[in-house]
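Asker: Please work out how this folds:
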Amino acid sequence: MEIPIPVIDFNELEGENRKKTMALLHQACEKWGFFQVDNHGIDKKLMEKVKQLVNSHYEEYLKGGFYDSELVKSLEKENKNNIRDVDWESTFFIWHRPSSNINEIRNLSEDFRNTMEDYIAQLIKLAEKLSELMCENLGLEKSYIKNAFSGEKGPSVGTKVAKYPQCPYPELVRGLREHTDAGGIILLLQDDQVPGLEFFKDGEWVKIPPSRNNTIFVNTGDQVEVLSNGRYQSALHRVMPEKNGSRLSIATFYNPANDAIISPAIKLLYPSYYSFQDYLKLYGTTKFSDKVPRLESMKEIANGHQILLS
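Answerer: Numbering: from 1, shown residues only. Have a look, this model is predicted:
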């Protein structure tokens, strides 16, 4: 099915519409796990150049090898009632932070490498801004996610560069099988013509349309779900192959460093390790008040006990 996807307009974060926009972002993270960002501040000419360079690289160096692969040949002999447990994609991965492997990838021109680095520098700023806005909505310090993701050298950033080639047998494969993303905040620059991306919501697969005008499509990964204590859940998604075109996907992952230690934010946890007797004492004087301040008070008491016990 197709439904309107939340769009976060960064121009609306200033002025009278900020509260409404922040509420929309919170709802998108809490109820959807994905959304689009418009007026994100990334140079759109640069985005167009990135897409053009990726498409040219695929056509020159990857397309021929893909269609000569055993995967393609085997589909011609496949039982038409069986979906193969494989992914119909041509892809490579670029690490950017804390160290880069871009100079080690074969056949990338200097222009490709420089353009990608310029793009990633701007994209990291967007990821950091999104992480700050999420923290604000969760009631955390604005740098909480960034600090939680940082090991000794800061968060990890990498890009999966993918083409989902035109597929003569789309009923036999997935472009990319159903999964959630392992990391943090995923920022996708995708095709503006060819569809295929789908997210699972409320028991149905939602078709994500191609991104017009270089909007950035965002979804949250498993580590944001953990840090938010389940408030912001990672969403199941997949890519369906297309018979009438090849889909472009440039997905950048703003992830925890390998040595980052991940746990739910203490501020978002319910109180724990308290005696029911202590709770009843507080309840007796606050029974007819809102429960939230009561639970927050118990959290402080419980945390104090844990500190004393440790």
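Asker: going forward, measure contacts and count neighbours with C-alpha atoms only.
Answerer: OK.
Asker: quick one: contacts for E242?
Answerer: 164-167, 170, 194-196 (C-alpha atoms under 8 Å, 6 or more residues apart in numbering).
Asker: The stretch 101-250 of the chain: strands as residue ranges?
Answerer: Assigned by DSSP state E, counting those that start in this stretch, the stretch 101-250 of the chain shows strands spanning 156-164, 176-179, 185-190, 197-201, 204-207, 216-220, 237-239, 247-255.
Asker: Following element in sequence after the last one, please.
Answerer: Under the assignment DSSP states H and E, the closest C-terminal helix or strand after strand 247-255 is helix 276-286.
Asker: mind checking the SS state of the residue nearest to I120 when sequence neighbours are not counted?
Answerer: Closest residue in space to I120, ignoring its immediate chain neighbours: H96 at 7.8 Å, by C-alpha to C-alpha, 6 or more residues apart in numbering. Put simply, H96 is strand when judged by DSSP: H, G, I helix; E, B strand; the rest coil.
Asker: ok, L140 to S228 distance?
Answerer: 10 Å (C-alpha to C-alpha, to the nearest Å).
Asker: Which one of these two is surrounded by more residues?
Answerer: For L140 and S228, the more surrounded residue by other C-alpha atoms under 10 Å is S228, and the numbers stand at 24 against 18.
Asker: In the chain, spot the helix with the most residues.
Answerer: Using DSSP state H, we find that the single longest helix of the chain is helix 110-138.
Asker: tell me the average confidence for it?
Answerer: Throughout helix 110-138, pLDDT has a mean value of 98.
Asker: Between strand 156-164 and it, find me the angle.
Answerer: 110 degrees (axes from the mean of the first three to the mean of the last three C-alpha atoms, to 10 degrees).
Asker: how far out from the middle of the chain is helix 110-138?
Answerer: Taking the mean of its C-alpha atoms, helix 110-138 sits 12 Å from the chain's own mean (C-alpha atoms, centre = their mean, to the nearest Å).
Asker: Provide the angle between the direction of it and the direction of strand 185-190.
Answerer: 130 degrees.
Asker: Show me what helix 110-138 is packed up against.
Answerer: helix 18-27, helix 44-57, helix 144-149, strand 185-190 (3 or more C-alpha pairs under 8 Å, 6 or more residues apart in numbering; DSSP states H and E).
Asker: so what pLDDT did Q306 get?
Answerer: Per the predicted model, pLDDT is 44 at Q306.
Asker: meant to ask about I83
Answerer: I83 carries a pLDDT value of 66.
Asker: which sections of the stretch 151-300 of the chain are below the confidence cut-off?
Answerer: Judged against pLDDT under 70, the stretch 151-300 of the chain has no low-scoring part.
Asker: Could you report the separation of the spatially most central residue of the chain from N255?
Answerer: Geometric centre of the chain, nearest residue: I186, 2.6 Å, by C-alpha atoms, centre = their mean. Remark: distance between I186 and N255 (C-alpha to C-alpha) = 8 Å.
Asker: And F276, by the same measure?
Answerer: F276 is 39 Å from N255, by C-alpha to C-alpha.
Asker: Ok, K146 next?
Answerer: 9 Å.
Asker: Overlap in contacts, those two.
Answerer: Common neighbours of K146 and N255 (C-alpha under 8 Å, 6+ apart) are P155.
Asker: Can you pick out the residue with more neighbours from the two?
Answerer: Legend: neighbour count by other C-alpha under 10 Å for K146 and N255, higher for N255 (27 against 20).
Asker: Quick check: which of the helices and strands packed on helix 110-138 is nearest to D85?
Answerer: Proximity to D85 (C-alpha to C-alpha) singles out strand 185-190 among those, at 24.1 Å.
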